[in-house]
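Visitor: Sequence first, predicted model second:
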Amino acid sequence: MEVQYHTLPETLKELSDIKFALDASAIVAMTDPAGNIIYANDKFCEVSKYSRAELIGQNHRIINSGYHPKEFFTDMWSTILQGQVWKGEIRNRAKDGSFYWVDTTIVPFLDDKARPYQYVSIRYEISQRKAMEDQIKALPARIIQAQEQECERIARDLHDDLGQSLATLKMLFQSAWLQKGMNVSPLKEHKKILVYLDTIIDKSRNLAMRLRPSTLEALGLTTSINLMIDEINRGGQVKIVFTHGHLENLHFQSETINVFRIVQEALTNIVKNAKATNVRVTLRVIKNSLKITIEDNGCGFILKDKSKGLGLITMRERTSLLGGRIDIRSQLKKGTAIIADIPCWREK
């Protein structure tokens, strides 16, 4: 195989073509060993909104957005000082204060002693992609918010429309009976109808409460959870013990309803699936964190089988909205423990 050697003009032409291709598509900068910019292409100036004269001689701190922690850049420098290529995504700040994201590759050029004498960074702007990613990340929060709004609407209709209609029907029935004669005793069938109406009214109220607990705004988190647990305990399937500290006047990164829903979702899953007889629910404030612990003595499950279940996903999303973290531990025949830590504060 014949080896072709390029002449110096051909080599220079090839390098010029490569530089043209890079300049046309990428943000290119070169720095000295101290990190000072010694070259900035037109694309760099265009995106950063700094002139070349403003960039040359400056450190890349001139476009630092303050978004990344110090450890981020410490790791970057540690990598390139060892002569290794570093890759990552960086959010920078342009001269006008706007932010932009770049997919970055930094290549160290090494001398004969394997020490970097120059760095070349090649970046591609990905601001649009990052904006789309942010929108996707925000989607679960929007879905949860829409669900809560719809639950509130349905609960209001149940309480104000159906509930009031049933109550009116009961009064009409009683009034019609009384008109037949005050001394006539109600028939057994009439009594059954009244009892049945009372049952339907209670069920509609309970359903409205589960959809959107009106007590949460009026009476607070403790009372709302207590009422929910009392209702479950009356069913007789499971015994729930609720232990709590002072939970009132707590503020969270998201709506308090999300804290209530985490407990509600966990208890609903336990009643439906766990076959538990005893459950302990504990809510306590430790420093600036609300710690929720829900333990049952049910059948348990294999986490990899259930970790993508809708109920668990919803609890994780709500915990994330609240800026917290949740841990789920379960063993077959040994029950399940759900532990959530949620940042909180009280107004002074």
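Guide: Yes, it's here.

Visitor: Residue 322 contacts residue 259, doesn't it?
Guide: Yes - counting by Cβ atoms under 8 Å, residue 322 does reach residue 259; the two are 6.8 Å apart. The way it works is simple: take the backbone N, C-alpha and C, and place the C-beta from them, glycine included.

Visitor: for the chain, which strand is longest?
Guide: Longest strand in the chain by number of residues (criterion: DSSP state E): strand 99-110.

Visitor: residues of it that come out buried?
Guide: Neighbour counts over strand 99-110 (16 or more other Cβ atoms under 10 Å) mark 100-104, 106-108 as buried.

Visitor: Taking those together, which two end up most distant?
Guide: 100 and 108 (24.3 Å; Cβ to Cβ).

Visitor: So between residue 322 and residue 259, which is more surrounded?
Guide: residue 259 (27 against 23; other Cβ atoms under 10 Å).

Visitor: could you say what helices and strands the helix or strand hosting residue 242 packs with?
Guide: Taking DSSP states H and E as the definition, residue 242 sits inside strand 239-244. Counting contacts by 3 or more Cβ pairs under 8 Å, 6 or more residues apart in numbering; DSSP states H and E, strand 239-244 is packed against helix 221-235, strand 278-286.

Visitor: Could you export those as CSV, including mean neighbour count and distance to residue 153?
Guide: CSV is the format used below for the helices and strands packed on strand 239-244 (neighbours: other Cβ atoms under 10 Å; distance: least, Cβ to Cβ, whole Å):
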stretch, mean neighbour count, distance to residue 153
helix 221-235, 16, 19
strand 278-286, 17, 28
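
Visitor: Select, out of these, the one closest to residue 77.
Guide: strand 278-286 (37.7 Å).

Visitor: Distance of residue 194 relative to residue 203?
Guide: 15 Å (Cβ to Cβ, to the nearest Å).

Visitor: for residue 99, same thing?
Guide: 53 Å.

Visitor: Repeat that for residue 291.
Guide: Taken as Cβ to Cβ, the span from residue 291 to residue 203 is 34 Å.

Visitor: now residue 125
Guide: 58 Å.

Visitor: the more surrounded of those two?
Guide: residue 125 (17 against 12).

Visitor: and the more buried one, bridged to which residues?
Guide: residue 102 (DSSP bridges).

Visitor: so it sits right up against residue 99, yeah?
Guide: No - checked against Cβ under 8 Å, the pair residue 125 and residue 99 is beyond contact range at 11.3 Å.

Visitor: Can you tell me which helices and strands the strand or helix carrying residue 293 packs against?
Guide: In this assignment (DSSP H and E), residue 293 forms part of strand 289-296. Secondary-structure packing of strand 289-296 (3+ Cβ pairs under 8 Å, 6+ apart): helix 257-269, strand 278-286, strand 335-343.

Visitor: Centre of the chain to that strand, how far?
Guide: 19 Å (Cα atoms, centre = their mean, to the nearest Å).

Visitor: who's in contact with that strand?
Guide: With contact meaning Cβ atoms under 8 Å, 6 or more residues apart in numbering, strand 289-296 is reached by 238, 247, 250, 252, 259, 262-263, 266-267, 270, 274, 276, 278-285, 324, 335-344.

Visitor: mind listing what it pairs with, with the direction of each?
Guide: Here, using DSSP bridges, strand 289-296 pairs with strand 278-286 (antiparallel), strand 335-343 (antiparallel).

Visitor: angle of the first one against strand 239-244?
Guide: Counting by axes from the mean of the first three to the mean of the last three Cα atoms, to 10 degrees, strand 278-286 lies at 10 degrees to strand 239-244.

Visitor: any idea how far strand 278-286 is from the chain center?
Guide: 23 Å.

Visitor: In this protein, what helix or strand scores lowest on average pLDDT?
Guide: helix 303-306 (a mean of 60; mean pLDDT, DSSP states H and E).

Visitor: Show me what secondary structure element comes after that one.
Guide: helix 310-321.

Visitor: Next, the buried residues of that next one.
Guide: 312, 314-321.

Visitor: can you list contacts of the helix or strand just after it?
Guide: Next helix or strand after helix 310-321 toward the C-terminus (DSSP H and E): strand 325-331. With contact meaning Cβ under 8 Å, 6+ apart, strand 325-331 is reached by 262, 300-303, 306-307, 312, 315-316, 319, 336-341.

Visitor: Over to stretch 230-242?
Guide: Contacts of stretch 230-242 (Cβ under 8 Å, 6+ apart): 206, 209, 225-226, 229, 267, 270-271, 276-282, 296.

Visitor: Need the worst-confidence member of the residues you listed.
Guide: pLDDT across those is lowest for residue 209, at 63.

Visitor: how about the helices in the stretch 51-200 of the chain?
Guide: 52-55, 70-81, 127-157, 164-179, 188-211 (DSSP state H, counting those that start in this stretch).

Visitor: pLDDT on the second one, on average?
Guide: Going back to what we said before, that points to helix 70-81. 94.

Visitor: Fine, thanks again, bye for now.
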